[in-house]
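Asks: please work out how this folds:
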Amino acid sequence: MSNNNKSICYFETPYDIAFKFGNDIYNFIIEKKLSLLDKNEISVLDIFAGDGRLGNIIVKIASNHHSKIDTTYVEIDAEKLKLKKPYLKTSNLINKNAFEWNPQIKYDIVISNPPFEILNKKNSKLYGFLWNDVRNSAMNLYGLSILKCLDLCSDEGIVAVIAPFSWLRGVNSKKFRSEISKITSSVYITAFNHRSIFKKVIQDVGFQIFLKRGCNNFEKSKIYFKYNGFKNQLIRESDLRNVVRSKSINVRVGPIVWNRKREFLRDSNEGAILLIYGGNIDHEGNLDLENLRYSHKQFILRSGITESDIIKNPAILIRRTLRGHPGAWKIDSCLIRYDLEFTVENHVIIVELLSDQLDYKNFCFSLIDRIKEYYYYSGTPSISTKVVNNLATQVVNVLKNR
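Replies: The predicted model follows:
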């Protein structure tokens, strides 16, 4: 990012969201009786500041409780910096790339609406990030931003951001969660149950408060989560832990990419076998093979597939994309037990049941319940094959130990 003098992935915070954020953050400080309340002087940093509205709101609220406030705004875009009208005339306005800015002091309160962008090796190099740092940061700019905010925060201070909460369940976020647990004593997330907070952007978003660990605090970090209007609940550690694959099941993505196999698709089973699409499955557990959308391509010639593409065992089929919205996701799934040769397209996850000792129906109900519980904390509608495998293995172990 060293060659970029403009904000990237910048989405202006709507004023109603900014005011709610400011009030929620300071109400949290009061509710938790944080040590900040005992200070006559506090320092506030608004980083990736944009037009500085988050900092202004926080400082205005904080000035009712503290006699002296030192405020700093950091923004790479000089044009946005000129537009700033800080609440306090003594505020520091710094026109720098926040990722490259390394002050000598730490701040009591660090706030941000950080940039969001998925990172890969190519754009990471373009922005000047080390790939190892990116991998530790959920492979997204907001992860790097949150870690930067925590680095600039004083011990027992707070970092408050408006950012995606998909790191709670993201398959690329394991190392990021580990980094957060090392740095913080606790995290509080208030999630929105819709994905349209920012104009022209569809993205999971939540208010996130990170309490930075004190130097003598060695307790395990805890993550609390709620949707607006609900109570905080502690996310259990077992939800974030990987398990060893069970030999009783085989979990994989459907092997057929249908638009690469157009020439083999048919409307009848003559010389062909059934091809099941995600849209053939509903959240009531039914397989709908009368869907007119697929009538002309519901079968695929055997000559167009391999033997390993054919599903011969009883199986649970799960559509890879959730329907609904955060906090109320719906899972499309069905259990196929009868003697049926079929294959599946790649928008479906297959859980092949390899052991006849499994109670298939009970296993299916238990697995879908666990997937619902797991993705309750997810802001994105994608289901991970790896997560399904882990949860399915947990269910197998529970059923075997009964």
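
Asks: am I right that Ser308 sits in a helix?
Replies: Yes. Assigned with DSSP: H, G, I helix; E, B strand; the rest coil, Ser308 falls within a helix.

Asks: what pLDDT is listed against it?
Replies: Note on Ser308: pLDDT of 93.

Asks: same question for Ser355.
Replies: So, for Ser355, pLDDT stands at 86.

Asks: and the pLDDT for the residue nearest to it when sequence neighbours are not counted?
Replies: Using C-beta to C-beta, 6 or more residues apart in numbering and skipping residues adjacent in sequence, the residue nearest Ser355 is Ser248, 4.0 Å away. Glycine gets a C-beta too; all of them are placed from N, C-alpha and C. Here, the pLDDT recorded for Ser248 equals 90.

Asks: now do the same contact list for Ser248.
Replies: For Ser248, the contact set (C-beta atoms under 8 Å, 6 or more residues apart in numbering) comprises 353-355, 357-358, 396.

Asks: just the residues you listed now: which is nearest Leu147?
Replies: Proximity of the contacts of Ser248 to Leu147, judged by C-beta to C-beta, is greatest for Val396, which lies at 36.4 Å.

Asks: would you confirm that that closest one contacts Lys247?
Replies: No. Assessed by C-beta atoms under 8 Å, Val396 is found out of contact with Lys247, at 9.1 Å.

Asks: these two: who's more crowded?
Replies: Val396 (22 against 10; other C-beta atoms under 10 Å).

Asks: wait, a strand at the more buried one?
Replies: No. Assessed with three-state DSSP, Val396 is helix; it does not lie in a strand.

Asks: without its sequence neighbours, what residue ends up closest to it?
Replies: Nearest non-adjacent residue to Val396 (C-beta to C-beta, 6+ apart): Ser246, at 4.5 Å.

Asks: where exactly do the strands run in the stretch 251-400 of the chain?
Replies: Along the stretch 251-400 of the chain, counting by DSSP state E, counting those that start in this stretch, strands occupy 265-266, 272-276, 299-301, 315-319, 323-325, 328-330, 333-336, 342-344, 348-353.

Asks: each with direction, which strands does the fifth one pair with?
Replies: Under the criterion DSSP bridges, strand 323-325 sits next to strand 328-330 (antiparallel) in its sheet.

Asks: ok, the last one next?
Replies: Partners of strand 348-353 in the sheet, by DSSP bridges, are strand 249-253 (antiparallel), strand 315-319 (antiparallel).

Asks: before we move on, what about the third one?
Replies: Here strand 299-301 is paired, per DSSP bridges, with strand 265-266 (antiparallel), strand 272-276 (antiparallel).

Asks: which other helices and strands does the host helix or strand of Leu150 contact?
Replies: If you go by DSSP states H and E, Leu150 is part of helix 141-151. If contacts are counted by 3 or more C-beta pairs under 8 Å, 6 or more residues apart in numbering; DSSP states H and E, helix 141-151 sits against strand 41-47, strand 107-112, strand 153-163, helix 174-183, strand 206-212.

Asks: may I have the shortest one as PDB, with CA atoms only?
Replies: This points to strand 107-112. Extracted C-alpha coordinates of strand 107-112, given in PDB (Å, rounded to 0.1, in the frame of the first residue of the first chain):
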ATOM      1  CA  TYR A 107      -4.000   4.700  23.000                       C
ATOM      2  CA  ASP A 108      -6.700   4.000  25.500                       C
ATOM      3  CA  ILE A 109      -9.500   3.800  22.900                       C
ATOM      4  CA  VAL A 110      -8.900   2.800  19.300                       C
ATOM      5  CA  ILE A 111     -11.900   2.900  16.900                       C
ATOM      6  CA  SER A 112     -12.200   2.200  13.300                       C
END
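
Asks: now do the buried residues in the helix or strand following it.
Replies: Next along the chain after strand 107-112, taking DSSP H and E as the criterion, comes helix 121-127. For helix 121-127, burial by neighbour count (16 or more other C-beta atoms under 10 Å) applies to 124, 127.

Asks: show me where the stretch 1-150 of the chain has its helices.
Replies: For the stretch 1-150 of the chain, applying DSSP state H, counting those that start in this stretch gives helices covering 15-31, 53-62, 78-83, 121-127, 131-135, 141-151.

Asks: Ser185 should be in a strand, yeah?
Replies: Yes. Assessed with three-state DSSP, Ser185 lies in a strand.

Asks: what's the local residue count around it?
Replies: Ser185 has 18 neighbours, counted by other C-beta under 10 Å.

Asks: please apply the same query to Phe99.
Replies: Neighbour tally, Phe99, other C-beta under 10 Å: 20.

Asks: contact partners for it?
Replies: So Phe99 contacts 1, 128-129, 144-145, 148 (C-beta under 8 Å, 6+ apart).
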